[in-house]
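Chemist: have a look at this prediction, sequence included:
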Amino acid sequence: MSGGGPGRTAFVLGGGGSLGAAQVGMLRALLEHGIVPDLVVGCSVGALNGGALAVDPSLAMVDRLQEIWLSLDERDLLPGGLLPTVVQMTRRGEAVHGNEGLRTVVEEVLPPGAHFEDLAVPFQCVATAMADAREVWFSSGSPVEPILASAAIPAVLPPVEVDGVPCIDGAVANAVPVTRAAELGATTIYVLHVGSTDGPRPAPRRPLDAALRAYSLARRARLARDLATLDPATEVVLLPPGDAARGRFNDFSHSAALISSALQASRAVLGARGVAGAGPGPERDGA
């Protein structure tokens with residue numbers, strides 16, 4: 001069924017680097033409870049996960065996503081280590097790493113030659129135009145380049161030109177695009193946000209921690225403002241990422257724990273809302 005009853009149900013998948021593994025657990029919980037989207041909206045890593053779900057909104061696809069996430073530590077997706085070296089950061093060019101590994105993953109979850117128009121569920125993803133910082137939304141043609149653009153972390157992965165427009169990570173402009181879902185007519189919005197929205201955070205220990213914290217706070221503030229602007233009649237369900245330990249944005253070693261923790265936390269939220277589910281099977285605790 002479509003989880004919101006009358007109206008249009010949207011899944012909104014935000015950005016978050018390696019924390020995107022948590023969205024696999026959230027998606028499993030939603031589908032276990034019979035909640036299937038009429039619309040999927042994604043940003044950055046949420047564009048990858050959301051695009052896959054739009055191909056096939058089923059537990060079989062969640063299984064496939066989980067397998068991919070659990071193998072990502074062996075893929076050459078992002079630069080390793082705590083921080084790219086000074087040499088990497090000061091050399092010529094716009095990024096310290098290529099996007100070939102990410103392209104391989106995107107092409108692994110999308111059918112060959114697929115177009116937005118062919119997907120089982122309408123899907124849109126967002127990137128940020130480098131020239132003027134505007135949101136650039138994609139909903140037609142091949143989704144490969146748009147997803148790569150949406151996930152092009154500044155300085156880490158190269159900008160991606162789509163239809164003549166150089167683009168970077170959609171999270172720069174709109175990390176958790178709930179307003180887009182509302183504009184497209186969603187009356188029930190499930191938000192798959194992998195960052196924290198409240199509660200204390202550990203104090204930064206390094207300059208990099210402080211910089212990433214500032215970026216996280218900006219995204220958190222934008223989400224709070226956007227949620228406040230939605231029509232009061234719009235039902236918004238913010239799924240929790242759980243309490244698993246979190247690594248760096250480029251550390252995929254925590255994927256199993258993130259998937260499992262988000263799954264259990266999301267099951268609890270949906271159960272508390274009185275949404276009947278199929279119940280966990282032996283293969284569904286993920287990790």
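Modeler: Yep, it's here.
Chemist: quick one: the nearest residue to residue 135 once chain neighbours are set aside and residue 154, what's the gap?
Modeler: Excluding the flanking residues, the one nearest residue 135 by C-beta to C-beta, 6 or more residues apart in numbering is residue 173, at 4.6 Å. Any C-beta I mention is one placed from the backbone N, CA and C, and that applies to glycine too. Using C-beta to C-beta, to the nearest Å, one obtains 12 Å as the distance from residue 173 to residue 154.
Chemist: quick revisit: and the pLDDT for the residue nearest to residue 135?
Modeler: With respect to pLDDT, residue 173 scores 95.
Chemist: give the burial count for it, as a bare number.
Modeler: 19 (other C-beta atoms under 10 Å).
Chemist: try residue 64
Modeler: 17.
Chemist: list the buried residues of the host helix or strand of it.
Modeler: Applying DSSP states H and E as the criterion places residue 64 in helix 59-71. Within helix 59-71, the residues scored as buried using 16 or more other C-beta atoms under 10 Å are 59, 61, 62, 64, 65, 66, 68, 69, 70.
Chemist: between those, which sits nearest residue 260?
Modeler: Distance ranking of the buried residues of helix 59-71 against residue 260, using C-beta to C-beta, places residue 66 first at 10.1 Å.
Chemist: which non-adjacent residue is nearest the closest one?
Modeler: In space, residue 66 is closest to residue 24, 5.1 Å off (C-beta to C-beta, 6+ apart).
Chemist: hang on, the earlier thing: any idea how far the residue nearest to residue 135 lies from residue 49?
Modeler: Applying C-beta to C-beta to residue 173 and residue 49 gives a distance of 19 Å.
Chemist: please point out which parts of stretch 121-134 sit buried.
Modeler: 121, 122, 123, 124, 125, 126, 127, 128, 129, 130.
Chemist: dump the residues you listed into JSON lines; add pLDDT and secondary structure as well.
Modeler: Formatted as JSON lines, these follow (pLDDT from 0 to 100; DSSP: H, G, I helix; E, B strand; the rest coil):
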{"residue": "121", "pLDDT": "98", "secondary structure": "coil"}
{"residue": "122", "pLDDT": "98", "secondary structure": "coil"}
{"residue": "123", "pLDDT": "98", "secondary structure": "strand"}
{"residue": "124", "pLDDT": "98", "secondary structure": "strand"}
{"residue": "125", "pLDDT": "98", "secondary structure": "strand"}
{"residue": "126", "pLDDT": "98", "secondary structure": "strand"}
{"residue": "127", "pLDDT": "98", "secondary structure": "strand"}
{"residue": "128", "pLDDT": "98", "secondary structure": "strand"}
{"residue": "129", "pLDDT": "98", "secondary structure": "strand"}
{"residue": "130", "pLDDT": "95", "secondary structure": "coil"}
